[in-house]
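Student: here is my input; please provide its structure:
(2 chains)
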Amino acid sequence: MYQLHFGVLAEYMPSILDGLLVTIKISALSIVFGTAMGIIGALCRISSSWALRTVGNIYVEWIRNTPLLIQILFIYFGLGVFFSLSPVTASVFALAFFSGAYITEIIRAGIQSIHRGQREAALSIGMTEWQAMRLIILPQAIKRILPPLAGQFITLVKDSSLVSVIAVADLTYVAKNIVTTTFRAFEVWLAIAAFYFILSFGLSLAVRKLEKRLAESD
Amino acid sequence: MKHYLKKIAAVVAVGMLTLAVAGCGGGEKKDATADAIKKKGKLIVGTATGYYPFEMADKNGQLVGFDIDVAKALGKELGVEIEFQNYAFSGLIPALQAKKVDLVIAGMTITDKRKEVVDFSETYFKSGQAMLVSKKYPGVKKWEDLDKKGNVIAVSMGTTADQTASKMFKNAEVKKFDGSALAGLEVLNGKAVAVIHEVPWVAIYNRMNSEATYAVLEPFTTEELGIAVPKGNAALLAEVNKFVKKYKASEEYKKAYAYWFVDMKWWDSVPQKKK
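Tutor: Residues are numbered from 1 along each chain as shown, chains lettered A, B, ... in the order given. Alright, predicted model coming up:
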């Protein structure tokens, strides 16, 4: 039967930590760019221009209705025929694009959930469209946006494990590699799951703290 | 914050304990002996497609290849049905360990490292590592020519090629993909200098993509391929060995060998790039 040997983890800890750093780096960059994509996407989706709304719609629907793994393979190997993207660049590109579509919807829904009377009231006391958005709507919307946004960030950290298929040396790639040399599948995957848990749970605690701080302003 | 950490530690500890206990409990199950397999009437064979011409999908999506023929012959010998399960190559040994498959026939080289966790049959095929090189890098004749700073070598993760390359290449960077097809793409896209893989695969991949690659077929290592069975299942291993001995001396073996490695009549029945 299978004997458990957790000693193998200590032996490979340096490479596991290297992988952890790569996962953190890719996730952090993707969160930043993905949020930027989401803001742009949401602005398109709520824009008064028909063309921008259509662009936003196509973006969201196209990304949401195709698997992330296919998007990663397409960007790296498919577009790779025309552009030489490094694996890390291709990964961040794919993950940011992917989570951006979901963030677009989260932000759009958050903004549109604020009753339109609020905007009308702001305009009627002489605020510009932009002032109404910045001073009245966004401060309220952000509190509704944060919880689903946190969920999206956590999903992104976990989804980043898919980039191991294009040989990005992230946590999952390192783990697969250790399993193929040691065949200690149980111990390695358990430890890797724990690392992802710590990352995701840490992120969720951070957002919870931010939510609390925002709630104090009520 | 502190009480959070305590809670987390408790949850993780309990989780680990549960899993550890669950892991131990699995050992009580009896090993599937040859008799049990015969009784079940079915043999589950793990393989990893994309490894020409050992295992691949034909134009109808059916599994074909040298190993598939070997597996079918084994099924006939034991009088059982064969069910194939397709994994990424790196997932095959874990699948065997977890008893998801009864045995693995996937062009797997017999190595000491693998022998620690699974048992191997007698050699059923002899092979060696060769190089598929991008035409962007002309003049590669031996493996040392590839081992230069800045060179990227693509391999299929967990294969003998991976282990060989990771050990032999000191200066080049070895990149590992899920399967040889993706490793090959890396060379076609000009991102890797070469793929290291076994001779038949290199010959065929080169034949499919002769405009972008050239092959150095003289193997720089020799390897013996075996059928992997779960560790400590002596009865099944004995049956498989009996089969391998008989099969290697048979007309069937010669026919399969000629078909997959010499005549390559299968060439038109599997998807490939047409010029």
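Student: now do stretch B:240-259: distance to the chain's middle.
Tutor: A distance of 20 Å separates the centroid of the chain from that of stretch B:240-259, by C-alpha atoms, centre = their mean, to the nearest Å.
Student: sorry, that was for stretch B:91-101
Tutor: Worked out by C-alpha atoms, centre = their mean, stretch B:91-101 lies 13 Å from the chain centre.
Student: end-to-end on it?
Tutor: Stretch B:91-101 has an end-to-end distance of 11 Å (C-alpha to C-alpha, to the nearest Å).
Student: just the helices in chain A please.
Tutor: A:7-45, A:50-64, A:68-73, A:87-112, A:116-124, A:129-131, A:138-159, A:171-182, A:185-216 (DSSP state H).
Student: check which helices and strands the fourth one sits against.
Tutor: Helix A:87-112 is packed against helix A:7-45, helix A:50-64, helix A:68-73, helix A:138-159, with contacts defined by 3 or more C-beta pairs under 8 Å, 6 or more residues apart in numbering or on different chains; DSSP states H and E. Where you see a C-beta, it was placed from the backbone N, CA and C, and this is true even at glycine.
Student: going by neighbour count, which residues of it are buried?
Tutor: Buried residues in helix A:87-112, counted by 16 or more other C-beta atoms under 10 Å in any protein chain shown: A:87-88, A:90-108, A:110-111.
Student: ok, the last one next?
Tutor: For helix A:185-216, the buried set under the neighbour-count rule, 16+ other C-beta under 10 Å, comprises A:185-192, A:195-196, A:199-200, A:203-204, A:207.
Student: next, the angle helix A:171-182 makes with that helix.
Tutor: 170 degrees (axes from the mean of the first three to the mean of the last three C-alpha atoms, to 10 degrees).
Student: what packs against helix A:185-216?
Tutor: helix A:7-45, helix A:138-159, helix A:171-182, helix B:2-25.
Student: how far away from the center of its chain is the longest one?
Tutor: For helix A:7-45, the gap between its own C-alpha mean and the chain's C-alpha mean amounts to 8 Å (C-alpha atoms, centre = their mean).
Student: tell me what angle that helix forms with helix A:185-216.
Tutor: Using the same axes, to 10 degrees, the inter-axis angle of helix A:7-45 relative to helix A:185-216 is 40 degrees.
Student: hmm, helix A:7-45 touching chain B?
Tutor: No - against chain B, helix A:7-45 shows no contacts by C-beta under 8 Å from any C-beta of the partner chain, the least distance being 12.0 Å.
Student: so what touches the one helix or strand residue B:163 maps to?
Tutor: Assigned by DSSP states H and E, residue B:163 belongs to helix B:160-168. By C-beta atoms under 8 Å, 6 or more residues apart in numbering or on different chains, the surrounding residues in contact with helix B:160-168 are A:180-181, B:109, B:111, B:113, B:129, B:143, B:147, B:153, B:155-156, B:174, B:176, B:195-198, B:221, B:223.
Student: from the residues you listed, list just the buried residues.
Tutor: A:180, B:109, B:129, B:143, B:153, B:155-156, B:174, B:176, B:195-198, B:221, B:223.
Student: so which of those are in helices?
Tutor: Those of the buried ones among the contacts of helix B:160-168 lying in helices (DSSP H): A:180, B:143.
Student: now do the spatially most central residue of chain A against residue B:44, distance only.
Tutor: Nearest to the mean C-alpha position of chain A, by C-alpha atoms, centre = their mean, lies residue A:156 at 3.6 Å. Relative to residue B:44, residue A:156 is positioned 36 Å away (C-beta to C-beta, to the nearest Å).
Student: how about stretch B:159-176: buried residues?
Tutor: B:159-166, B:168-169, B:172, B:174-176.
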